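>>> pasted the sequence and its predicted model underneath.
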Amino acid sequence: MSLSQTLQVFDAFDSAYASGQTVVDLFARFPDAKVSVREISGPKGKTDFVKIVLPGLTGRTGGGATPTLGVVGRLGGIGARPSRIGLVSDGDGAIAAVATALKLADMQTKGDALPGDVIVTTHVCPDAPTRPHQPVDFMDSPVETEDMNAEEVLPEMEAVLSIDTTKGNRILNHKGIAISPTVKQGYILRVAEDLVRIMEMTTGRPAVTFPITTQDITPYGNGVYHLNSILQPSIATSAPVVGVAIAAESVVPGCGTGASHEVDIALAVKFAVEVAKEFTRGTCQFHDPAEYQRLIALYGSLAHLQKRQD
């Protein structure tokens with residue numbers, strides 16, 4: 001069950017005083033979980049970046065060879081104070097990421113440590129700015145996308161789940177969670193069959209996916225439309241990246257309050273935990289390496305799409 005951890009993090013983050021220390025406190029009773037916090041300031045304020053490392057039985061941190069999964073909670077901020085009071089819809093990704101780490105840490109204490117390491121990153125900002133976007137306003141971030149990626153997308157991550165609220169659009173009209181195709185170095189690859197299988201198992205429903213475009217996997221700030229920032233981690237890594245969208249049937253602004261649904265966030269947590277189990281034991285692939293190499297041989301690298309073009 002992941003709802004318990006989701007509610008713990010939700011309650012802790014629904015505060016004007018939420019910070020990186022809030023996350024440290026949540027993990028105080030889990031000594032094997034390594035939590036670090038780094039405050040970064042930008043042109044629009046400051047935020048606390050959080051990294052949680054959950055070592056596996058045969059993971060890289062212990063000298064083993066088992067692959068490492070990265071889970072990124074993507075967002076602009078968990079709050080938009082003083083213009084909005086309370087937790088904003090955009091905070092769902094941070095809640096889901098930290099709750100995933102909390103669930104995995106709890107599992108470790110009960111004898112269910114994973115084979116490989118899991119690294120969870122996000123940031124905690126209770127007073128982030130907002131910015132205009134169609135069809136509804138977005139949450140903005142106090143720091144630039146490049147700074148965010150530098151803190152959240154780490155070289156140790158061999159595959160990445162990017163969890164983000166994706167409600168401010170008319171493309172994904174589904175309440176719950178959905179996954180994107182896999183993105184790797186400029187290529188939008190097929191939706192991963194293993195992730196479809198895991199999603200159907202954890203939700204008890206047919207898998208839901210959402211479309212992405214070339215624009216979505218290019219860096220923010222280049223003047224083209226982006227669905228949202230869910231695939232921005234893909235511009236900062238050679239690892240395969242999949243977006244996990246927490247979605248709604250209606251169009252909900254990221255700066256809207258009272259718009260988070262705990263059960264939907266918990267679904268994202270449950271999915272991420274099961275992916276972590278399978279990826280670190282080698283039963284889940286985000287892409288077909290041979291097919292990817294075939295694409296490179298036929299059409300060349302598309303890694304230039306990861307770079308900012310001014």
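Arrived safely, thanks for sending. Numbering: from 1, shown residues only.
>>> now do the contacts for residue 179.
Contact partners of residue 179, counting by Cβ atoms under 8 Å, 6 or more residues apart in numbering, are 191-192, 195-196, 199, 207-210, 242-245. C-beta: built from backbone N, CA, C; applies to glycine.
>>> from those residues, which land in strands?
242, 243, 244, 245 (DSSP state E).
>>> looking at these, which is nearest residue 108?
Nearest to residue 108 out of these is residue 244 (Cβ to Cβ; 22.4 Å).
>>> any idea which element the nearest residue to that closest one once chain neighbours are set aside lies in?
Leaving aside its chain neighbours, residue 244 sits nearest to residue 163 (4.5 Å; criterion: Cβ to Cβ, 6 or more residues apart in numbering). In the assignment (DSSP states H and E), residue 163 maps to strand 159-165.
>>> got a list of what residue 125 touches?
By Cβ under 8 Å, 6+ apart, the contact set of residue 125 is 45, 46, 47, 48, 76, 77, 78, 79, 141, 142.
>>> over to residue 192?
By Cβ under 8 Å, 6+ apart, residue 192 lies in contact with 179, 182, 242, 284, 285, 286, 287.
>>> highest neighbour count among those?
Ranked by the number of neighbours (other Cβ atoms under 10 Å), the contacts of residue 192 place residue 242 first, at 26 neighbours.
>>> that one against residue 195, yeah?
Yes: with contact defined as Cβ atoms under 8 Å, residue 242 reaches residue 195; the gap is 6.2 Å.
>>> need the residues touching each of the two.
What both residue 242 and residue 195 touch, as defined by Cβ under 8 Å, 6+ apart, is the set 179, 286.
>>> who's in contact with the least confident helix or strand in the chain by mean pLDDT?
When the helices and strands of the chain are compared on mean pLDDT, DSSP states H and E, strand 138-139 comes out lowest with a mean of 80. With contact meaning Cβ under 8 Å, 6+ apart, strand 138-139 is reached by 75-77, 80, 88, 90, 128-132, 168, 228, 253-255.
>>> just the buried members of the contacts of residue 125?
The neighbour-count test (16 or more other Cβ atoms under 10 Å) marks 45, 47, 48, 76, 77, 78, 79, 141, 142 as buried among the contacts of residue 125.
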